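S.K.: Got a predicted structure plus its sequence, pasted below:
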Amino acid sequence: MITFAIGLSIVLLFVILFLLFRIGTLASIFRGSTQRAVGTTKTSNKVNGVLLLLFLIVGGAAFFWSFADSWDEMNQPIASVHGEWTDSLFWTTMIVIGIVFVITQILLFWYSYKYQHKDDKRAYYYPHNNKLEIVWTMIPAVVMALLVFAGWKTWTNITSAAPADAVVVEVMGKQFNWMVRYPGADNKLGTANFRLIDATNEFGVDFSDPNSMDDFMPREIHVPKGKPVLLKIRSRDVIHSVFLPHFRLKMDAVPGMPTKFWFVPTKTTDEMRTETGNPEFNYELACTEICGRGHFAMRFILVVDEPEDYEAWLASQQPFIEQNPQLLTKFADDAKEQLVLEKSTENAKK
Ligand SMILES: [Cu+2]
């Protein structure tokens, strides 16, 4: 209600301002003073010109300051193979459009100031120049095509099919935390169905599927350095987004539409601690899709191990079903019920 009232008063304020402007214009027509720029118009032209120039200087300074200030956050060290490609693509594009942006903005605001209305100055009439048209159409078109082509090629590489020996990790987003599942020794994830979700079985794993028997759900993601890792991403409720900034990895988690992303980590967590000089450093998985009230808390730790440490960690994990054996009886009962049901239908048919 309060929001509505505030919105309405803002609209009314604009209506009043518009009416005042209209009245002013009508009054000046009535006085016959719109024919030439005189008196106040001249002053306001000058003021506008100076303000535009001021905007260029202050805005430009603020732009470079914010760029420099967030430099460290923007340039997190890279820890994946494809991260190098993503970054070189990003910086190439940034430099090309940055140069054009700076030049055009300077000209835009400087010209507004320099070529403001003056009584004794007439605008130079320059209707057409084919050569000029061709030059300023062709150059941006070629540059744009090159950027798009390079981007398309890199993206095709990044999103190609994962190697068969990739470590598979299922990442599931839910309001409000991430959950992960590993396929266990058989490297096959058991099937899942949202109908099977309950307080214990949060993934909705079908424990009548033999592939699910060794699946385990750790509290941290562990991956080996130098080996391909395939993230199979899904969501249980709304759209979330998997964001691992150091690996330059970002992929939406969409309910009902599994997505994936594979990458090769190049630095272990320990190596990164040495590189950043921060003994507390951890790779973080964050959610980058505003998904509700607890969105900010969707943080998950990812640890990159040396391959032998990874194997040791893997061996120390206990399958989910071993920790929750009651689920097995439940699924067995369900299967029994199903069998009884099928038998009785058959009997009824006879
Ligand atoms: Cu979120």
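M.R.: All right, it came through fine.

S.K.: So which bits of this structure are right by the ion?
M.R.: Neighbours of the ion within the chain, by C-beta under 5 Å from the ion: His240, Cys287, Cys291, His295, Met298. Every C-beta, even on glycine, is put in place using the N, C-alpha and C of the backbone.

S.K.: Please flag which of those residues sit within strands.
M.R.: His240, Cys287 (DSSP state E).

S.K.: Would you check which pair of the residues of the chain next to the ion lies furthest apart?
M.R.: His240 and His295 (8.4 Å; C-beta to C-beta).

S.K.: Mutual contacts of the two, please.
M.R.: Shared contacts of His240 and His295, defined by C-beta atoms under 8 Å, 6 or more residues apart in numbering, are found at Cys287, Glu289.

S.K.: Counting neighbours, go ahead and name the busier of these two.
M.R.: Between His240 and His295, counting by other C-beta atoms under 10 Å, His240 is the more crowded of the two (30 against 16).

S.K.: Per-residue pLDDT of the more buried one, please?
M.R.: pLDDT recorded at His240 is 94.

S.K.: Can you classify the residue nearest to it when sequence neighbours are not counted by secondary structure?
M.R.: Using C-beta to C-beta, 6 or more residues apart in numbering and skipping the chain neighbours, the partner closest in space to His240 is Gly173 (3.1 Å). Here Gly173 is strand, with the state taken from DSSP: H, G, I helix; E, B strand; the rest coil.

S.K.: next one: Gly226
M.R.: coil.

S.K.: how many other residues sit next to it?
M.R.: 14.

S.K.: for it, what are its contacts?
M.R.: Per C-beta under 8 Å, 6+ apart, neighbours of Gly226: Val264, Pro265, Thr266, Pro307.

S.K.: Please spell out the PyMOL selection for the buried subset of those.
M.R.: Selection command for PyMOL covering only the buried members of the contacts of Gly226, criterion 16 or more other C-beta atoms under 10 Å:
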select buried, resi 264+265+266
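
S.K.: about what we covered before: quick one, what contacts the residue nearest to His240?
M.R.: Applying C-beta under 8 Å, 6+ apart, the residues near Gly173 are Ile233, Arg234, Ser235, Arg236, Asp237, His240, Ser241, Val242, Ala253, Cys287, Cys291, Met298.

S.K.: who does it bridge with?
M.R.: In this structure, Gly173 bridges to Trp178, Ser235 when assessed by DSSP bridges.

S.K.: pLDDT at it, what is it?
M.R.: 92.

S.K.: Nearest to Thr41 among the residues of the chain next to the ion?
M.R.: Using C-beta to C-beta, these come closest to Thr41 at His295, 51.2 Å.

S.K.: Leaving aside the residues adjacent along the chain, what's closest to the closest one?
M.R.: His295 sits nearest to Cys287 (C-beta to C-beta, 6+ apart), 5.9 Å away.

S.K.: Which helix or which strand is home to Glu170?
M.R.: If you go by DSSP states H and E, Glu170 is part of strand 167-174.
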